[in-house]
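Visitor: I'll drop the sequence and a predicted model, then ask my questions.
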Amino acid sequence: YRSFRAECASKRPARPEFTMYGFNPLERWPIVVTQRSGMVVPIPPLLIDRVTIGLYHDLLAAHGEDFTRAFGHAFEDYVGTILGSVYDRATLHGEVPYGRDALSTDWIVTDGPGATLLECKATRLRLDTKVSADPAALRIDLAKGVAKALVQLHRVLRDIRAGVRGLEQFRNREPLVPVVLLLDPFHTANSNAIRNLVGEELRSRDIGPFEYQVVSIDEIEAWLPTIKQRGLTELLCAKMADRGNPINSMAYADFDTYLRHVAGESEERKLAEPLEDEWLAFKTYVESTFPELRSATADNGSGAPGER
């Protein structure tokens, strides 16, 4: 317990506005050894997270770029599975070769007169970056993730509009919405502060400003019924159009905040169909292996990930 308290203090964010990125040691060590009660699991859902999504940093530390390369391809496939649950093959287009040895973005959604271009990035902000708010560290992480994806998106946007061979099916579509799709939630990714840092990186690569959005995969998962009903491109265009106030306008907010604003809490949100069976099977396994967690998890109101 003393080690837990010390770890909390050592990883406290340097600035109050970064509290949401503060490190909770229970994410890494969900079981606390106490003198009075023995081993305690204060937040049972974090135990499940630790043996699933929590393995990312363990594997990264052990295998470095070999892991991130393999995981990146798996993440791209996963995004296709999720989007494929609401879009058919005529609407959802995977990465295609074009021109001279070039590749399109990972996925393109053509759900109307326009299209959404999605570049997937599994790269996460480092923990030290999240809690320190160090601009230099943030620039390094953005260059490897969001900015790198935007360089690729900018190239494909330019080539579609130039009519480069292999991209003809997208040439007459407007608007084209470039989206960086992240594995990890990045709540301030669309804010002016982050956009300014990304803009500096893009200018260093001779790329001028252009409109884009950053979205995380959990936002797509949670709002699939709304995306299916209203269309991803239409939702993103409406979000980007609301940009009068650099602080309160929805263009600078995260996707979840915007969707709660336009759809409200009453609109149905549910786990993607391809994942529902897997989640139920995993939940059953955990409850049978750790029966003491069943009532605790119920008390915490933790259902399927898309229902939290």
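Guide: Perfect, I can see it now.

Visitor: Contact partners for T68?
Guide: Contact analysis of T68 by CB atoms under 8 Å, 6 or more residues apart in numbering lists L60, A122, T123. Heads up, the C-betas are built off the backbone N, CA and C, glycines and all.

Visitor: hang on, it in a helix?
Guide: Yes. Judged by DSSP: H, G, I helix; E, B strand; the rest coil, T68 forms part of a helix.

Visitor: what mean pLDDT does stretch 102-121 have?
Guide: On average, the pLDDT along stretch 102-121 is 96.

Visitor: what does stretch 60-75 give?
Guide: What stretch 60-75 shows for mean pLDDT is 86.

Visitor: Show me where the stretch 101-250 of the chain has its strands.
Guide: For the stretch 101-250 of the chain, the strands defined by DSSP state E, counting those that start in this stretch occupy 102-103, 107-109, 115-121, 176-182, 213-216.

Visitor: list the buried ones in the last one?
Guide: To tie it back to what came earlier, the one meant is strand 213-216. Within strand 213-216, the residues that qualify as buried are Q213, V214, V215, S216, counting by 16 or more other CB atoms under 10 Å.

Visitor: want to throw the residues you listed into JSON lines with distance to I140 and pLDDT?
Guide: Formatted as JSON lines, the entries for those read as follows, by distance: CB to CB, whole Å; pLDDT from 0 to 100:
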{"residue": "Q213", "distance to I140": "22", "pLDDT": "97"}
{"residue": "V214", "distance to I140": "17", "pLDDT": "97"}
{"residue": "V215", "distance to I140": "22", "pLDDT": "97"}
{"residue": "S216", "distance to I140": "20", "pLDDT": "95"}
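
Visitor: now those in CSV, with distance to Y56?
Guide: Below are the buried residues of strand 213-216 laid out as CSV (distance: CB to CB, whole Å):
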residue, distance to Y56
Q213, 24
V214, 19
V215, 19
S216, 14
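
Visitor: just to revisit the earlier point, by neighbours, which of the contacts of T68 wins?
Guide: Each of the contacts of T68 was scored for neighbours by other CB atoms under 10 Å, and A122 scores highest at 23 neighbours.

Visitor: any idea how far I48 is from it?
Guide: The gap separating A122 from I48 is 20 Å, by CB to CB, to the nearest Å.

Visitor: wait, which of the strands of the stretch 101-250 of the chain is closest to A90?
Guide: Taking CB to CB as the criterion, A90 comes closest to strand 107-109 out of the strands of the stretch 101-250 of the chain, the separation being 11.0 Å.

Visitor: Mind giving me the packing neighbours of that closest one?
Guide: helix 65-83, strand 92-94, strand 115-121 (3 or more CB pairs under 8 Å, 6 or more residues apart in numbering; DSSP states H and E).

Visitor: Would you mind finding the most buried of these?
Guide: Among those, the stretch with the highest mean neighbour count (mean count of other CB atoms under 10 Å) is strand 115-121, at a mean of 24.

Visitor: Residues contacting that strand, please?
Guide: 72, 75-76, 79, 104-109, 145-146, 148-150, 152-153, 156-157, 170, 173, 176-183, 232-233, 236.

Visitor: Do I have it right that V33 meets P42?
Guide: No. Using CB atoms under 8 Å, V33 makes no contact with P42, being 12.0 Å away.

Visitor: The residue lying closest to Q213 once chain neighbours are set aside: what's it in contact with?
Guide: Taking CB to CB, 6 or more residues apart in numbering as the measure, Q213 lies nearest to V179, with 5.1 Å between them; neighbours along the chain are not counted. For V179, the contact set (CB under 8 Å, 6+ apart) comprises T116, L117, L118, E119, L153, Y212, Q213, V214, V215, L236.
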